[in-house]
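1. Sharing a model prediction with you, sequence too.
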Amino acid sequence: MDLKDLCSQIPLYNGRVLGVLLGIRHMIMRSNDTGLMEFDYCIPEEARLRAHISQRSNLKYVKTVMDIFDDRQRDEFRNSPLWYLAEVAEIQFSAQLIQQLVFRTIRTDKVNELWFNVQGNMMRFGLQEYTLVTGLRCGVFPEGDEFDRVLERRRLKERYFKSMENISLAQLQTTIGRPSTARADRYKLGLVLIVEGVFNAPDNNVGIDLRTLSIVDDLDIFFAYPWGRVGYRRLLHGFRGFWAKKFLKAKRRQEKEVTYTIHGFPIAMQVWAYEVVPEIGECFGQRVGNKCHDCLGGPHENNHSIVRTMYSSRTCGYGYHVLLLKSNST
């Protein structure tokens, strides 16, 4: 059975569909011929063309950075709020699953949430769910003169990328590996590669967010920054109507397929779907173990217990694990 057939047969799942009762009044509904209420999909069924999906996020950047770091830097990273990323193995991106979620996205006036209708299930994916899966902080963005001065810093940009208007992930990775790169700066640039390459995932022709280079020059501010909120916004953009326009335009032109790219960290949504719809998780992944990490009392006072859930993919043949449930958000 493929994912499309499975999504059409999933029964109502009580108890784990997040926020359904609170969110129904924000959905855009209409009445069908039988008098029952229906939800408007962002992409109508008649416009659901074949799609080719790619993603920019790549978890391999974490391993790349860990391999470049020396032993002391690896220890520093494992004592940082992002320590758990060093233990996350490679995860296969499921284009089929994400595509089915795209097709089942429904219209809502809640601009900071995504809602999906899966055979009557109203499922919410918002900043809270993203943070629970990724473990990233999701507090408010810092403001004020002190933070403005942080953003004005150009030391790393001027020293290593002075002549570059845009800095690609490949250029950043090359700079990290150069023997001439100062040791302290190698650590900071490695952190930038992880945040930009895994969670923000820009296009090559756009380059990384230069503000990340400024923020990382103060490690206390960097580790306290709400990167979860940044990554979630990147992921949210396509679902909020950008892709729907592409499908509708292709339908009007009588095209047979659509190609689009997902930015941000779609693996978070993929793992969330495995958890909230067990039928999908049981069909396309296999849970192989749980392990709790108690970070209370550690060097970072805002850390909390984190649960690692591991799956073995039935389609790709290798195991992977991600961090779930308790985040280190403020």
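-> Ah, there it is.
2. Can you name every helix or strand that the host helix or strand of Lys63 contacts?
-> Assigning secondary structure by DSSP states H and E places Lys63 in helix 60-68. With contacts defined as 3 or more CB pairs under 8 Å, 6 or more residues apart in numbering; DSSP states H and E, helix 60-68 has these neighbours: helix 71-78, helix 169-177, helix 183-194. C-beta: built from backbone N, CA, C; applies to glycine.
3. tilt between the longest one and helix 169-177?
-> Looking back up the chat, that one is helix 183-194. If you take axes from the mean of the first three to the mean of the last three CA atoms, to 10 degrees, helix 183-194 sits at 160 degrees to helix 169-177.
4. mean confidence for helix 183-194?
-> Here helix 183-194 scores 98 as its mean pLDDT.
5. I'd like to know which elements whatever helix or strand comes next after it is packed against.
-> Past helix 183-194, further along toward the C-terminus, the next helix or strand under DSSP H and E is helix 210-215. Using 3+ CB pairs under 8 Å, 6+ apart as the contact test, the elements touching helix 210-215 are helix 145-151, helix 155-160.
6. Now mean neighbour count, mean pLDDT and distance to Gln173 too, for those, in CSV please.
-> CSV is the format used below for those (neighbours: other CB atoms under 10 Å; pLDDT from 0 to 100; distance: least, CB to CB, whole Å):
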stretch, mean neighbour count, mean pLDDT, distance to Gln173
helix 145-151, 12, 94, 24
helix 155-160, 15, 96, 12
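7. for the ones you listed, which one sits closest to Glu196?
-> With distances scored as CB to CB, the stretch of the helices and strands packed on helix 210-215 nearest to Glu196 is helix 155-160 (13.0 Å).
8. could I get the closest one in PDB with only the CA atoms?
-> Below are the C-alpha coordinates for helix 155-160, written out as PDB (Å, rounded to 0.1, in the frame of the first residue of the first chain):
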ATOM      1  CA  ARG A 155      34.600  40.700  11.800                       C
ATOM      2  CA  LEU A 156      34.100  37.200  10.400                       C
ATOM      3  CA  LYS A 157      32.600  38.500   7.100                       C
ATOM      4  CA  GLU A 158      35.500  40.900   6.600                       C
ATOM      5  CA  ARG A 159      38.200  38.400   7.600                       C
ATOM      6  CA  TYR A 160      37.100  35.400   5.600                       C
END
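9. name the helices or strands packed onto that helix?
-> Packed against helix 155-160, as judged by 3+ CB pairs under 8 Å, 6+ apart, are the following elements: helix 183-194, helix 210-215.
10. which other residues reach it?
-> Outside of helix 155-160, the residues that reach it under the criterion CB atoms under 8 Å, 6 or more residues apart in numbering are 167, 175, 181, 185, 188-189, 210, 213-214, 216-217.
11. and the residues you listed as TSV, adding neighbour count and distance to Leu101?
-> Rendered in TSV, the data for those read as follows (neighbours: other CB atoms under 10 Å; distance: CB to CB, whole Å):
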residue	neighbour count	distance to Leu101
Ile167	23	32
Thr175	20	36
Thr181	19	40
Asp185	17	40
Lys188	20	35
Leu189	24	34
Leu210	18	32
Leu213	23	33
Ser214	21	34
Val216	23	32
Asp217	17	37
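12. so what's the residue nearest to Glu76 when sequence neighbours are not counted up against?
-> Here the nearest residue to Glu76 in space, its sequence neighbours aside, is Tyr187; by CB to CB, 6 or more residues apart in numbering that works out to 6.7 Å. When contacts are counted by CB under 8 Å, 6+ apart, Tyr187 is found next to 69, 73, 76-77.
13. next one: Leu193
-> Residues in contact with Leu193, defined by CB under 8 Å, 6+ apart, are 61, 64-65, 169, 172-173, 176.
14. and of those, the nearest to Val258?
-> Checking the contacts of Leu193 against Val258 with CB to CB, the nearest one is Leu169 at 25.5 Å.
15. How many residues are close by the closest residue to that closest one other than its chain neighbours?
-> Counting by CB to CB, 6+ apart, Leu169 lies nearest to Gly197, which is 5.1 Å off, once chain neighbours are set aside. Using other CB atoms under 10 Å, Gly197 is surrounded by 24 other residues.
16. can you pull the contacts of Gly197?
-> Applying CB under 8 Å, 6+ apart, we find Gly197 in contact with 57-58, 61, 169.
17. any idea how far it lies from Lys162?
-> Distance, Gly197 to Lys162, using CB to CB, to the nearest Å: 22 Å.
18. which SS class is Met123?
-> strand (DSSP: H, G, I helix; E, B strand; the rest coil).
19. Could you shift the numbering so residue one becomes 41, and keep it that way?
-> Taking 41 as the first residue, the last one we looked at is Met163.
20. now, which of the contacts of Gly237 sits nearest Met162?
-> Checking these against Met162 by CB to CB gives Ser97 as the nearest, at 27.0 Å.
21. Next, the contact list for that closest one, please.
-> Residues in contact with Ser97 (CB under 8 Å, 6+ apart) are 133, 237-239, 241, 302-307.
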